[in-house]
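Asks: fold the following for me, if possible:
(chains A and B, ligands or ions: 1)
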Amino acid sequence: MALTTNRVDVPVIVDENKCLEKCKACIEVCPLDVLAKNPETGKAYMKYDECWFCLPCEKECPVGAITVQIPFLLR
Amino acid sequence: MGIKILNTLIVSVNTKIPDISVHLEYNMGNKNNKNFMEIINLEVDFLVVGGGTAGCMAAVKAKQKSPESSVLVLEKANIRRSGAIAMGMDGVNTAVIPGNSTPEQYVREITIANDGILDQSAVHTTGLLGFEVIQELEEWGVKFQKDNEGKYDLKQVHRVGKYVLPMPEGKDLKKILSRQVKRNKIKIINRVMATSVLTQNGRAIGITGLDVRSGDMYVIKSKAILLCTGACGRLGLPASGYLYGTYENPTNAGDGYSMAYQAGAKLSNIECFQINPLIKDYNGPACAYVASPFGAYTANASGNRFISCDYWSGQMMLEVWRELNSGQGPVHLKMYHLDESTISEIERILFDNERPSRERFHAGRGENYRKDGVEMNISEIGLCSGHSASGVQVDEHMRTSIPGLYAAGDMANVPHNYMIGAFVSGRVAAEHAMSYIQDVDHGQVDLDIINTEKERILAPLKNPNGIPHTQVEYKLRRYVNDYLQPPKSPKNMMIGLEKFIDYQNVMDELGARDPHELMRCMEINFIRDCAEMAAKASLYRTESRWGLYHYRLDFPNRNDEEWMCNTIIKKCFEKNEMTISKEELKPYLFDVNLNAEKYDVSVA
Ligand SMILES: Cc1cc2nc3c(=O)[nH]c(=O)nc-3n(C[C@H](O)[C@H](O)[C@H](O)COP(=O)(O)OP(=O)(O)OC[C@H]3O[C@@H](n4cnc5c(N)ncnc54)[C@H](O)[C@@H]3O)c2cc1C
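Replies: Next up is the predicted model:
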């Protein structure tokens, strides 16, 4: 089976300058469990493009590091 | 890790099942490679599967009724923000409040709206207990709209009665509920999805689960089990093509429908699809319920009314479909005729609550309610008794046809049950279950079954270069659109049914690389089961009923003589086959003349 990697525009954008390494608030509240920590930087990122654009991640981020865009196919 | 949380109430043993060929490693991102799946065994008295609306209420009520019993909530996501009400709710759709309506009036309304197919006693329970639920939620800190005299400010959205109670400040509903679960010291395991219900001699004795982060397997024995995993929200494919751009929270993939079916429970009236009139592309509710009491309404392209009632019934959906197919589309929610302060008030509610991202959706398109209508479309299909009437068959105690197995909320077939129905059914199920468990012991788990289930869950990992779940799911759900989206044609549905059955072979080609992807793969199994049920049931009922939900082009009329009955889907284990049959309705509590009273919502 041949596989390829596609580039996709993801809905959840994390401002790495603001994101706190010790904090997992966004990761814990996501209903679809799509956020994770980048092991290299300790910052959150959208690991899986499976978003309901529901906003708990954005609302629960204590430092306002997260912006949720409407997924490209819908916006 | 679940063991640490639970060690006060259960015996927990780590069993490694050796004879399994899969022995893979994956990278957790934190560079700790580890083997999975370890098996974590737990034992509780009452297990709630799905910590959403119904599940949180059920857990609290179970613990209140029997404080000495161990109650566990198993949740695929995190109960703080999971399910339909993750971001709150802007109103109660089915509130029976003394002085405004009675349970009997409510049962009559739903009987007519659902074309007579219902167990009135279950709907009656929603009417009887809804008020108490609202009062209790209020004690917990949930706010409902009151008028100047401090009375509940109900609005009429249904054809006859006043059942809609606005919650302009409902955004923290889920946080409040999860706080109650914690306050009652109920055990919670987040990020573990149930995959199957275990039975022994026809009785439910536990479940299997997958930790969607670690890949561990859970085997949880329980004296009674409540399934409340919500709707099948990922059945049809949204027109946008985005798999998760659904009306329902896409975490709810029909898990409970499928698990109940596979365990041998009866499901009823699956052909009564959920189809909603939604904001085009965004696929969230336009919220005529919120806006219409302020003077907004659903209009056609000319800006004129074409329905007399905004309540979401199959009949209403059929009117929308007709309008769109008569050159009068697109339809839109019209607010631009209202004054500035009214529109701001509506915006304040809609942009803060339920689906708050709609604000940025409109902003991105340069749309403004002051000048633009909210363009609407007919959604793809789903299964959800919260909105229409298809689900696991339950009686008025929310018992399924399997002893020890209960169902509540969107997946339990209590027509038009919505949020209050989810709370009430969760409560009723829990209270009944706490009596039931007094006389039963734990069952015996069959290790062969656990092994087989473990293989099933892990299969896609053996095939890391297999077809990704996104593609497998996309194609399946596109077939659902192609062959099942109403109006329904017989030959189409037959092709669909065949394709869904064949799709079992496609599942063997699925590939996964981590526990998260295993979760998605498992969900496709659930979706496939639901698709097969939807096709099978739609072919079986050779009449049209529930407006657009079951509009058959070859049988365009309702046929009460033959079809005033339930259709029941059940697994035949001997033949490993899906069976369907008719079943009589339970006798009505209240006589309703369905020939005289029709849910006619067209504007003459
Ligand atoms: C966008 C939207 C707007 C709505 N608006 C209104 C309204 O204004 N008024 C109203 O009365 N009703 C409204 N409803 C309906 C109402 O919200 C639902 O009927 C009700 O919340 C359903 O409750 P539930 O417990 O069945 O499902 P949910 O609250 O969705 O809970 C299901 C839970 O199960 C979990 N789960 C799923 N699968 C598994 C698994 N395999 N293992 C473990 N856990 C699992 C999920 O993560 C979730 O937490 C709306 C629904 C939606 C989606």
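Asks: only C-alpha atoms for contact and neighbour calcs from this point on.
Replies: Noted.
Asks: got any ranges where chain A has weak pLDDT?
Replies: Confidence mapping of chain A against pLDDT under 70 gives the ranges A:1.
Asks: ok, chain B next?
Replies: Looking at chain B by pLDDT under 70, you get B:1-36.
Asks: can you name the residues of it that neighbour chain A?
Replies: B:29-31, B:77-78, B:80-83, B:86-87, B:240-246, B:249-251, B:281-282, B:355-357, B:360-361, B:364-365, B:465-467, B:516 (CA under 8 Å from any CA of the partner chain).
Asks: and with 7 Å instead?
Replies: B:29-30, B:77-78, B:80-82, B:87, B:240, B:242, B:244-245, B:249-251, B:281-282, B:355, B:357, B:361, B:364, B:465-466 (CA under 7 Å from any CA of the partner chain).
Asks: what about burial for these, which qualify?
Replies: B:77-78, B:80-82, B:87, B:240, B:242, B:244-245, B:249-251, B:281-282, B:355, B:357, B:361, B:465-466 (16 or more other CA atoms under 10 Å in any protein chain shown).
Asks: which of those residues come close to the ligand?
Replies: When contact is defined as CA under 6 Å from any ligand atom, these meet the ligand at B:77, B:82, B:249, B:251.
Asks: quick check: B:Ser196 is in a helix.
Replies: No: secondary structure of B:Ser196 (DSSP: H, G, I helix; E, B strand; the rest coil): strand, not part of a helix.
Asks: that one contacts B:Met259, correct?
Replies: Yes: B:Ser196 lies in contact with B:Met259 (CA atoms under 7 Å); the separation is 5.2 Å.
Asks: so which residues of the stretch 501-604 of chain B form helices?
Replies: B:515-540, B:560-563 (DSSP state H, counting those that start in this stretch).
Asks: again, but for the stretch 101-250 of chain B
Replies: Using DSSP H, counting those that start in this stretch, helices in the stretch 101-250 of chain B cover B:103-113, B:120-140, B:173-183.
Asks: now swap in chain A and tell me
Replies: A:25-29, A:56-60 (DSSP state H).
Asks: turn the ones you listed into CSV, including mean neighbour count and distance to the ligand.
Replies: Output for those, formatted as CSV (neighbours: other CA atoms under 10 Å in any protein chain shown; distance: least, CA to the nearest ligand atom, whole Å):
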stretch, mean neighbour count, distance to the ligand
helix A:25-29, 22, 11
helix A:56-60, 20, 14
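Asks: residues contacting the most centrally placed residue in chain A?
Replies: In chain A, the C-alpha nearest the mean C-alpha coordinate belongs to A:Met46, at 3.2 Å (CA atoms, centre = their mean). Taking CA atoms under 7 Å, 6 or more residues apart in numbering or on different chains, we find A:Met46 in contact with A:12, A:34-36.
Asks: show me what it is bridged to.
Replies: Beta bridges link A:Met46 to A:Leu35, judged by DSSP bridges.
Asks: what separates it from chain B, distance-wise?
Replies: Distance from A:Met46 to chain B, counting by CA to the nearest CA, to the nearest Å: 13 Å.
Asks: does B:Glu319 touch B:Asp600 like I think?
Replies: No: counting by CA under 7 Å, B:Glu319 does not reach B:Asp600; the two are 9.5 Å apart.
Asks: about what we covered before: with distance to B:Lys499 added, can I get the helices of the stretch 501-604 of chain B in TSV?
Replies: Converted to TSV, the helices of the stretch 501-604 of chain B look like this (distance: least, CA to CA, whole Å):
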stretch	distance to B:Lys499
helix B:515-540	9
helix B:560-563	27
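Asks: dump the ones you listed to TSV, plus mean neighbour count.
Replies: Compiled in TSV, those are given as follows (neighbours: other CA atoms under 10 Å in any protein chain shown):
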stretch	mean neighbour count
helix B:515-540	24
helix B:560-563	12
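Asks: which other helices and strands does the strand or helix carrying B:Ser435 contact?
Replies: Using DSSP states H and E, B:Ser435 falls within helix B:418-436. On a contact count with 3 or more CA pairs under 7 Å, 6 or more residues apart in numbering or on different chains; DSSP states H and E, helix B:418-436 meets helix B:53-65, helix B:120-140.
Asks: what's the following helix or strand after that helix?
Replies: Helix B:418-436 is succeeded, C-terminally, by helix B:447-458 (DSSP H and E).
Asks: and the angle from whichever helix or strand comes after that next one to helix B:515-540?
Replies: Counting by DSSP H and E, the next helix or strand C-terminal to helix B:447-458 is helix B:469-484. For helix B:469-484 against helix B:515-540, the angle by axes from the mean of the first three to the mean of the last three CA atoms, to 10 degrees is 10 degrees.
Asks: would you mark the buried spots in helix B:469-484?
Replies: For helix B:469-484, burial by neighbour count (16+ other CA under 10 Å) applies to B:469-470, B:472-474, B:476-484.
Asks: tell me the spacing between B:Ser489 and B:Tyr483.
Replies: Noted for B:Ser489: a distance of 8 Å to B:Tyr483, by CA to CA, to the nearest Å.
Asks: now swap in B:Asn269 and tell me
Replies: For B:Asn269, the distance to B:Tyr483 equals 18 Å [CA to CA].
Asks: what does A:Phe72 give?
Replies: Noted for A:Phe72: a distance of 27 Å to B:Tyr483, by CA to CA.
Asks: neighbours of B:Pro168, how many?
Replies: With neighbours defined by other CA atoms under 10 Å in any protein chain shown, the count for B:Pro168 comes to 21.
Asks: dihedrals phi and psi, the residue in chain A positioned nearest to the ligand?
Replies: Of all residues in chain A, A:Pro31 sits closest to the ligand, at 6.3 Å by CA to the nearest ligand atom. Per-residue torsions, A:Pro31: phi -60, psi -30 (degrees, to the nearest 10).
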